[in-house]
Every structure is written in structure tokens, then in C-alpha cells.
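Peer 1: With the input below, show me the fold.
(chains A, B, C and D)
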Protein chains: 4
Amino acid sequence: MIQRKRVFEILERGMPGDTASIVVDYGIILVIVLNIGAVIISSFNDLPDLLKQGLTIFEYISIAIFTLEYGIRVWTAPYKYPGLRFPYLRYITSFMAVIDLCAILPFYLPFVVGVDLRILRILRLFRLLRILKLNRYNNAVELIAQVFKGEKEKILTTVFITGLMLLLASSVMYYIENTAQPDKFPNIIATLWWAVATLTTVGYGDVYPITHIGKVLSGVIALLGIGLVALPAGIISSGFIKAISREEQALQEGVPQEPPGTKRICPHCGKEIE
Amino acid sequence: MIQRKRVFEILERGMPGDTASIVVDYGIILVIVLNIGAVIISSFNDLPDLLKQGLTIFEYISIAIFTLEYGIRVWTAPYKYPGLRFPYLRYITSFMAVIDLCAILPFYLPFVVGVDLRILRILRLFRLLRILKLNRYNNAVELIAQVFKGEKEKILTTVFITGLMLLLASSVMYYIENTAQPDKFPNIIATLWWAVATLTTVGYGDVYPITHIGKVLSGVIALLGIGLVALPAGIISSGFIKAISREEQALQEGVPQEPPGTKRICPHCGKEIE
Amino acid sequence: MIQRKRVFEILERGMPGDTASIVVDYGIILVIVLNIGAVIISSFNDLPDLLKQGLTIFEYISIAIFTLEYGIRVWTAPYKYPGLRFPYLRYITSFMAVIDLCAILPFYLPFVVGVDLRILRILRLFRLLRILKLNRYNNAVELIAQVFKGEKEKILTTVFITGLMLLLASSVMYYIENTAQPDKFPNIIATLWWAVATLTTVGYGDVYPITHIGKVLSGVIALLGIGLVALPAGIISSGFIKAISREEQALQEGVPQEPPGTKRICPHCGKEIE
Amino acid sequence: MIQRKRVFEILERGMPGDTASIVVDYGIILVIVLNIGAVIISSFNDLPDLLKQGLTIFEYISIAIFTLEYGIRVWTAPYKYPGLRFPYLRYITSFMAVIDLCAILPFYLPFVVGVDLRILRILRLFRLLRILKLNRYNNAVELIAQVFKGEKEKILTTVFITGLMLLLASSVMYYIENTAQPDKFPNIIATLWWAVATLTTVGYGDVYPITHIGKVLSGVIALLGIGLVALPAGIISSGFIKAISREEQALQEGVPQEPPGTKRICPHCGKEIE
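Peer 2: Numbering: from 1, shown residues only, chains lettered A, B, ... in the order given. A predicted model of the protein is given here:
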């Protein structure tokens, strides 16, 4: 059973000095990055046949590696969640495991018809998120993640208010512009396209009001868009400042500060405690 | 009279454990959300007749519910504003009650001609704002509202400065571009459309200067637009930080902190004390 | 001499309770606002003759009022700058006095040829800035002005870095795109129009690169534009927070806080000391 | 050897009172600014022959001055990095020296074929960055540079997350829009152009999705773009506030504060210690 523990250690984030583990870490990242390259290259037209074949072979190899990795991660789940009653289930239902499964499953389902396999292949790109787990800029990633987590309620409220604003603006704009431009503002859902482009100040220029009152509303929404940028900026600013002052207080009191990456896990359900 | 008090309690925000109240709360929200769905669906063309009839029936039912709710709220006003001399008047003139009335009144005024009833129906969407009153993300909503209230003067000043900037930019731009593009910059009011699109950095691309000096002015306004985003971001940031430091001070002094949602109401006029 | 002092008091910002002064304050603001209305209305085409005549008469009256006001302000300058050796010169060279003069001078210079009088008339709009001097939102205006003054160096540095970025981006883009689109990128100065539209993320859509390398540069500039918004937002945020913490410290130390509007004036030159 | 030291002092940033040094400083800046003017002017078409000749002569003179300056800087390197074993090598490999070399080298390489000399000439513009080294707004430049340095990890993480977002959005968008608009979304790399324009909210309007699901994705990316502005704004805000609180603490403790421009240099390698 010692062997399984060692395999787990190698696959997990490498401890400093554990060469095997670090090699495996970077090896998997390399395969993921190469996969991204392959997805990008195969999006080009008129590729030479040799390259097409190479990409296909590379895809077989990648799938083999990813499948093996997934299998080993399931196998070593008891070491990832020690003391849990259902460690395998816990792992399989975790966010990263679902993404990993999505990346390999489509390959084994050739009888899935009507679904575009290429879109499913893009899911493999999401594996790129794992790079964030590497040690290099780890503290910064953790800090940013903590700030977003700490301000979650305020951010969700901002998202909710934004959604409300978009819906109200689209409904009113639809009644204003529908008669003048029935092809550009055919219904409230289609008008959302204008609302998003205006509120976020993207302004592609494909849809804009031409009536006087429509322009007034559009101007108001664009100005509100400024407030919409200011609100999350303020929320995140205060989040970072909170994090800093917490750090400083801990330093002053001489309390050994908990490293930012430490997570408390409930011993009963294995879920993270916030 | 105990009955009226109970009805009031049920209609108001549910206390934890008061099942009837919570059911009514969410029931009304459900009707509002369904109404939004109905408004959106009826904006589509070529709906089948059956669906049209269903939407009409649903509208009758909604209006009945909203009317009933409005009546009950008026009836229970004395419990909402205890000790006030004119609780009914106080309720009827409150912001939410006016919105509620606007949502049902158009239905009862079929003899209003010349006014587009459909626009009035959109007012019903504003009822959606009530969701913000529900308990889920309540603290965050209250905090954001508090920050905006606390920084009200600065925000209004920002709005005023923005308005001034738009007016000045439009006036100058009108004299610059009017000769070159008389159809796009016909007068100062119409030029405001360009000013808003530029200052908010939306830039639809339907109106932009073509003269050299006009482009210089446009560039300056666009660059000022960056300051315009920075100003409210700074104001709101400092607002949130003020709120946090107030909280922390209260914690340090051991004073039992007042929950953020608590509002003090003047016993004489029933208005909220800031 | 008491009379002149009283006239000065009336023309200056009204003390609470000084009815005459407050009436004059708002009266002048009213004339300015009406002037703005007149400028806006006269920008429309095809006005009826009667309205045109009315606007002309109104212009005569406004000029008379503004001239009178300017004269009185010069006359009462010794009370505005007590103890100064050259109070008249000091007033005439002040920023607001120059603007005031610009607003009335064009009217008295009918022999100025080649200069578009209409543009000079717009200068009158800048008088609108005086509204900021009124008491309503005065504290907020002073605070914002203080923050901008306190962060002046950082803001100027930001402006300078922005200018540098625009110049470098335009120079490089000119060499990249000139061959492909000689009409849109004819020289480096004209390319600045693209640079501003991209860095400020306005993106009208009239000028954009079509070569591959041009698109890469454009993307980089657009991404740098995000940093450009973030920098002043951060500067202004920290400015507001500094102002708050200064206030709080003053409160804790029980030191009678200097009102934010107080300005120290050098007794020798009469200039404001920062 | 005293002479060489004096030459070094003159070329370096002028001490207050050292007239010769200050004259040389501003003289070089003047030559750089004139060079920028020359680059801009020569980008115009149809210049008169006399002007073209003047620009060519001016280029010869500039190159002579820049070459002389570069030579002297190399010669005086031992005074810039005292105690270092290889001061010449240290200087030649420094960032500013590389830029300086790039500005003069192309002129001496007329046998370099296939490379557009004009692009190399633009490198001379980067010398403009030296203005930042002058004393005027020096403290602000140092403070901003310090804040960016202090938040380097967070900023790099933001850049990395942005890159990831762009890549994922482009990949998904390519599969969505490729069939509908094969000319605008031909492959994943080309789709990055859309992704950048949307995430930064530039929105030129040359490329935008036309399918329903493409519009949904575009809207989501535009909304995420708001968060992308908010994140660096928050990071930089907190950076400035950290800098302020550090300053204040130093003031309270009575410790003589180190001027912001002071850099500690390792006596062994001559590199700056952060």
C-alpha cells in the first residue's frame, strides 16, 4: 500500500526536492499545452495531410495519457481525502475531476451522434486552468481567489443588479425602437444584445438606436455602465485592502500567520469550510 | 384586529420560521418573474393564437393578484408605520407603492388613449426590484446601498461634472463639425449623442468627427472619459473601505454592532433617519 | 467706502442669512443657464424670425449684465485680496476673471475678422463652472478638487505616460499599416487618431489595422488601455482614502479640524499656498 | 582620472547647482525631442526637397551626438558601478544601454538587407523614456514604478488569467461562428482579434458574432471584461494605499524616511536590491 501513497505524492503538487513529482507535474502541463497547440493548429484550413495525421496520432497519445492520469487520480483518492467514507465518490464529483472526465469521455463515445465532437474537444482546453495550481505565482493566485471569495456576496449582487438593468433596459428599448428598426430590435431577447454592448461600452456599432428617445435611453445606459465598472472596482479594491490589513495585524500581534493557501476541510463531508 | 396584524406579518418579509409569510413572499416573486417571462414572450412576433390567449388570461390573473396585494398593503399600512397620524397616505406615497400602482393602474384605464399601453406594461418589470428585498443576498445589497448613500454627494457631483463636460464638449464640437457633417452634427442637442458615445467610450461608430480639430477634441474627450471612470471607482472604493473600518472599530471597542440592515425610523414622521 | 464693501459681500458667495447676496448669486446663475439655453437653441436651423430676434435681444441684455458684473468685481477686488499691493491686477489675471472677460470681449470687438465669433460665444458656457462654487454640493466639490490637487503629480505622470504610449504606438503602427491602408494611416499624426480610439477603448470602427502584425499591436494597446484605466482609478482611490484617514485622525486627536474649503493665501503675492 | 569622473558627473542626472550637468541633461533631451519631431515629419508624404535634405543632415548630427554619448557612457561605466569587476559589461547589458545602441546601430549597418531600416529608426523614439528620469515629476514616477513592482506578481497573474480567457473564448467562438462567417472567424488565432476587441470593450465593429449562441458568448466575454478592468484597478489601489500606510508608519515611528528614489545596490554584483 506504500506504493499507492508514493504514486499519489508524485501526481500531487510537487514538494520542493521531490524531483519525480515535479517532473510529472510539468510533464502533464506540457501535454496540456501541446494539446492546446493541436486544437489551435487543427482550426486552420488546408492543412497538409501529413500534419493532419500527426495531429490524429498526437490526439490518441494525449487521450491515453489523460485516461491513465484520471484512473490513477481515482485510485489514489483515499490519500487525497483521508478519513472520508466515500473518497472515490468525493473525487469523481469534484470540479477538476469533472473537467478531466469531459476531456477524455467524448473520445470513447463514438456513438454519440448529433453532438459536435469538436466542441467537446475544446473542453480539454479548460485543463489549462491547472497551470494556476503550479507553484510559481501561486501566492498571487491564492490571494486573488481569496479576495473574490471574500467579496462573493457583493460580486453576486453586482451581477444580479447588472442582469436586472439589462433586462429592464432591453424591455424599454424594445418598445421604443421596434417600430423604427424591426430587424434590429425584433424582440426583447434580441434587444439584450444591444443592452450588453452598450452597458459594457463595447459598442460594436451593428445595433444602435436611431430614434431620439432611444438615443436618450442608450446614453443613460452607457453612463450607468460607468457606474457598473466602478462598483466591482471598488469592491475588489476594498477586498485587497482588507486582506492587507489582516496580514499586517497578524504580523503586529506576532501570531504565526496561516499561509494563504491553507484550506479547512470538514472531516465529515470532506467539503471545504469557508 | 389581531387578524389584520397577522395579514401584515404574512405580507411583510418573512421572519425565520414563519412559513406562511415565506410562502407568500416567494409566491409573489414567482408571479413577478412569470410576468417578466410573459412580457418577454409577448414581444416576439407570430406567436400561435393559443399562446396569445394564454398570455391574456395570465395577465388577468396577475392583475388580480397585484391588485389584491396592493389593497392589502394599504389596509395594513397602520402596522407598517405604527404611531403615524396618516399611515395610509404615507404608504401610498412611498416609492414602492407608486411602482406597484403603476403596474396595475394602466389595466383599469382602457379609456386612456394616445398612450401606448405596452410601455405602461413595462412598469410591471420594475417590480422585479423587490427581489432585492429578499433575504438571500440581503447584507450585500444593504452594504452597497449604504455605500452609495454615504457617497451620495460625491456621486451627484460626479454626475453634475459629467453633464457639464458633455454639454461643453457638444457645444464646441457642434461649431467644429457642423459645416463638415451637417447631417450628423445638426445642432448641439444632437451632438450630445456623439459626446455620450465618446465620453463613455462606447463608440458605436455611427457618428465621429472627420475634421482634424474635431478629432483632436474627440481624443481629448475620450481621454477625459478615462478620468470619468476613475473618479466614481475611487469614490466607491473609499466608501467600501470606510464601511469596513467602521465595522472593525466597532468590533475592537466591543460595542455590539448594529446589523447593517437596521433602519432607524423617526416616531413622528415615520421617515427613515440617515 | 462701506458701500463698496457691502457690494463686494453681495457679489461674493452668500453667507447664510444674507438674502441679497443669495438672490444675486442665484440670479447670475439663472442668467448663465438661460445663456446656455440660448446657445443651444440658436444651434438649431430654421428658427422662426421672432425667436431669432428674441435671442438677439437676450444676448444684448446678458452682455450688459456680464459687463456690469465684471466691472463691479474689478472695483471690489481690494476686498477680495485684502493687504495685496496690486489687487486689481491680481483679480484681472485670475482664472475666473479671464473666463469672464472672454465671455464679454468678443461682443465689443466687431472689427475682429477671420475669427469665428460663434466659437468665442461658446466661451460663455464655461461660466457654467461657477455653479460648482454654489453652496449645495460644495463640500463634495472641494473634496474632489483637493484629491485631484493632492495627487496632481501622479496624475500628470499618468498623462505623460499616456502621451508617450500614444506617440510610440502611432509611430510603430504607421510603419506597419501605411502600406496596406495608406488612406487611413497616412502619417504618424493621423495615426494618433487610431491610437487614442484604441487606448481609450472607444473603438469607433472607422480606423483599424488589417494586417496581422497591426492587429497584434492593436490588441496589445487595447490591453494596455485597461491598465491605463486602472492606474488613475488606483491613484484617485488612494487619494480619497488619504483624505478620509486625515479626517479621522484629526477627529481622534480632538484637534479642531480645518474646514476643507479653507485656503492659505501668501500675504506677499496673494497666491494660494498649497 | 579626475577628468573622467567629472565627465561622468556631467552626463549623469544633474545635482542641484551643477549647471554644466543640467545643461547637458536638457540638451540631450532636446536632441531626443527634435528626433521625434523629425521622425513624425518624415512620415508625411510630398515633403519639399529642402526639408528632406534638412532632415537627412539632422539625422547625421543626431547619430553623431548619440554615438558620442554612448561612447562616453561606456567609458565612464566604472564610476556608475564602482567596485564591480566588469563595469563595462554591466553597462552594455543594461536595459537603457541596449535601447541606446539600437538607436544608433542601424545607421552603421547599411549592408543589413531585408530589414526595414525605418522600423529600426523608431527605436530611437524609445529614448523618450529617458525623460521619465528627469527630476521634475521624479517622485511620482518612482512611486508608480514601486507600486507596479510591489504588485508584480498579482499583475502578472491578471495578465495570465486574461490570456487564458482570451484563448478559451477564441477557441469556443471559433467553433460557434466559423460556419456562419468563415471569412471573419477563419481559425482560432484570427478569432483572438475578436476576443481582444470584446474583452477590452474596444469593439471596432469589424468582427462580431451573428449567431444567437455567438452573441451570448460575446455578451458574457464583454461582461467579464468589466471584471478584468476592476481587478487591476483594485490591485493598484491597494498598492498605493500600502505605500501610503508604509510612509505614515515611518513618520509615526520618527524613523528618518528613506527618499522614494533611493536604490540599494549590491556591492558584489552591482544589481539593484528590491
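Peer 1: Can you show me the helices along chain A?
Peer 2: In chain A, the segments counted as helices under DSSP state H are A:2-11, A:19-41, A:49-75, A:77-80, A:87-92, A:95-104, A:117-122, A:138-150, A:152-177, A:188-199, A:212-252.
Peer 1: out of these, deepest packed?
Peer 2: helix A:188-199 (a mean of 24; mean count of other CB atoms under 10 Å in any protein chain shown). No exception for glycine: its C-beta is placed from N, CA and C like everyone else's.
Peer 1: and the angle for it with helix A:212-252?
Peer 2: 60 degrees (axes from the mean of the first three to the mean of the last three CA atoms, to 10 degrees).
Peer 1: Could you list every helix and strand that helix A:188-199 packs against?
Peer 2: helix A:152-177, helix A:212-252, helix B:19-41, helix D:212-252 (3 or more CB pairs under 8 Å, 6 or more residues apart in numbering or on different chains; DSSP states H and E).
Peer 1: ok, back up a step: and of the helices of chain A, who's closest to B:L30?
Peer 2: helix A:152-177 (16.5 Å; CB to CB).
Peer 1: Just list the residues touching whatever residue of chain A ends up closest to chain C, thanks.
Peer 2: Per CB to the nearest CB, A:G205 is where chain A lies closest to chain C, at 5.1 Å. For A:G205, the contact set (CB atoms under 8 Å, 6 or more residues apart in numbering or on different chains) comprises B:203-206, C:204-205, D:203-205.
Peer 1: Any chance of those residues in CSV with distance to D:A140 and pLDDT as columns?
Peer 2: Shown next, in CSV, are the contacts of A:G205 (distance: CB to CB, whole Å; pLDDT from 0 to 100):
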residue, distance to D:A140, pLDDT
B:G203, 30, 89
B:Y204, 36, 91
B:G205, 36, 90
B:D206, 39, 91
C:Y204, 32, 91
C:G205, 35, 90
D:G203, 32, 89
D:Y204, 33, 91
D:G205, 37, 90
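Peer 1: Let me know the closest of the residues you listed to D:W193.
Peer 2: Using CB to CB, the contacts of A:G205 come closest to D:W193 at D:Y204, 9.2 Å.
Peer 1: Those residues of the stretch 1-150 of chain A touching chain C, which are they?
Peer 2: Residues of the stretch 1-150 of chain A that fall close to chain C, judged by CB under 8 Å from any CB of the partner chain: none.
Peer 1: Closest residue of the stretch 1-150 of chain A to chain B?
Peer 2: A:G150 (11.0 Å).
Peer 1: so who does the nearest residue to that residue once chain neighbours are set aside touch?
Peer 2: Nearest residue to A:G150, sequence neighbours excluded (CB to CB, 6 or more residues apart in numbering or on different chains): A:G239, at 5.6 Å. Applying CB under 8 Å, 6+ apart to A:G239 gives the contacts A:147-148, A:150-151, D:234.
Peer 1: From D:Y81, how far off is A:G239?
Peer 2: 42 Å (CB to CB, to the nearest Å).
Peer 1: Same check on A:I28?
Peer 2: Relative to D:Y81, A:I28 is positioned 44 Å away (CB to CB).
Peer 1: One more: A:A38?
Peer 2: From A:A38 to D:Y81 the distance is 48 Å (CB to CB).
Peer 1: likewise A:T93?
Peer 2: 59 Å.
Peer 1: Give me the more crowded residue out of these two.
Peer 2: D:Y81 (19 against 10; other CB atoms under 10 Å in any protein chain shown).
Peer 1: So the more buried one is in contact with D:L89, correct?
Peer 2: No - using CB atoms under 8 Å as the test, D:Y81 is too far from D:L89 to be in contact (9.7 Å).
Peer 1: ok so, going back, which one, of the helices of chain A, ends up nearest to B:Q3?
Peer 2: Closest approach to B:Q3 among these is made by helix A:152-177 (35.4 Å; CB to CB).
Peer 1: Now find how far off-centre that closest one is within its chain.
Peer 2: 23 Å (CA atoms, centre = their mean, to the nearest Å).
Peer 1: hmm, it in reach of chain D?
Peer 2: Yes - for helix A:152-177, a contact with chain D is found by CB under 8 Å from any CB, at A:T162.
Peer 1: Equivalent analysis for stretch A:244-255, please.
Peer 2: Yes - interface with chain D: stretch A:244-255 contributes A:I244 (CB under 8 Å from any CB).
Peer 1: how distant is that stretch from the center of its chain?
Peer 2: Using CA atoms, centre = their mean, the offset of stretch A:244-255 from its chain centre is 31 Å.
Peer 1: go on, stretch A:99-106?
Peer 2: That offset, for stretch A:99-106, works out to 15 Å (CA atoms, centre = their mean).
Peer 1: swap in stretch A:147-161?
Peer 2: That offset, for stretch A:147-161, works out to 16 Å (CA atoms, centre = their mean).
Peer 1: list the contacts for the residue nearest to A:S218 when sequence neighbours are not counted?
Peer 2: Spatial nearest neighbour of A:S218, excluding adjacent residues (CB to CB, 6+ apart): A:P209 at 5.0 Å. Counting by CB under 8 Å, 6+ apart, A:P209 makes contact with A:173, A:176-177, A:180-181, A:194, A:215, A:217-218.
Peer 1: and if you look at A:K184?
Peer 2: Residues counted as contacts of A:K184 (CB under 8 Å, 6+ apart) are A:177, A:190, A:194, A:206-207.
Peer 1: And it, its phi and psi?
Peer 2: The phi/psi pair for A:K184 (degrees, to the nearest 10) reads phi -100, psi -30.
Peer 1: quick check: domain ranges of chain A?
Peer 2: A:4-137, A:152-252 (automatic domain parsing).
Peer 1: which stretch in those domains is the model least sure about?
Peer 2: Averaged per stretch, pLDDT over the domains of chain A is lowest on domain A:4-137, reaching a mean of 79.
Peer 1: quick one: that one to chain centroid distance?
Peer 2: With CA atoms, centre = their mean, you get 15 Å for domain A:4-137.
Peer 1: so does stretch A:46-54 get close to chain D?
Peer 2: No - Stretch A:46-54 lies out of reach of chain D by CB under 8 Å from any CB, never closer than 10.3 Å.
Peer 1: Contacts made by that stretch with the rest, please.
Peer 2: Contacts of stretch A:46-54 (CB under 8 Å, 6+ apart): A:41-42, A:55.
Peer 1: Can you tell me how far the residue lying closest to A:F44 once chain neighbours are set aside is from chain B?
Peer 2: Distances taken as CB to CB, 6+ apart put D:N187 closest to A:F44, at 4.6 Å, once the chain neighbours are dropped. Using CB to the nearest CB, to the nearest Å, D:N187 is found at 26 Å from chain B.
Peer 1: From A:Y204, how far off is D:N187?
Peer 2: Distance from D:N187 to A:Y204, by CB to CB: 21 Å.
Peer 1: cool, A:A243 as well?
Peer 2: Taking CB to CB, one finds A:A243 at 37 Å from A:Y204.
Peer 1: again with A:V172
Peer 2: A:V172 is 21 Å from A:Y204, by CB to CB.
Peer 1: do the same with A:I210
Peer 2: Relative to A:Y204, and taking CB to CB, A:I210 is found at 16 Å.
Peer 1: Same check on A:K152?
Peer 2: 31 Å.
Peer 1: A:I36 now?
Peer 2: On the measure of CB to CB, A:I36 and A:Y204 end up 28 Å apart.
Peer 1: swap in A:A64?
Peer 2: 43 Å.
Peer 1: Repeat that for A:L47.
Peer 2: For A:L47 relative to A:Y204 (CB to CB), the value is 31 Å.
Peer 1: Neighbour count: the two, which is higher?
Peer 2: For A:L47 versus A:Y204, neighbours defined as other CB under 10 Å are more numerous around A:Y204 (28 against 14).
Peer 1: hang on, isn't that one packed against D:Y208?
Peer 2: Yes - using CB under 8 Å, A:Y204 makes contact with D:Y208 at a distance of 4.4 Å.
Peer 1: looking at the helices of chain A, which is closest to D:L11?
Peer 2: helix A:138-150 (39.1 Å).
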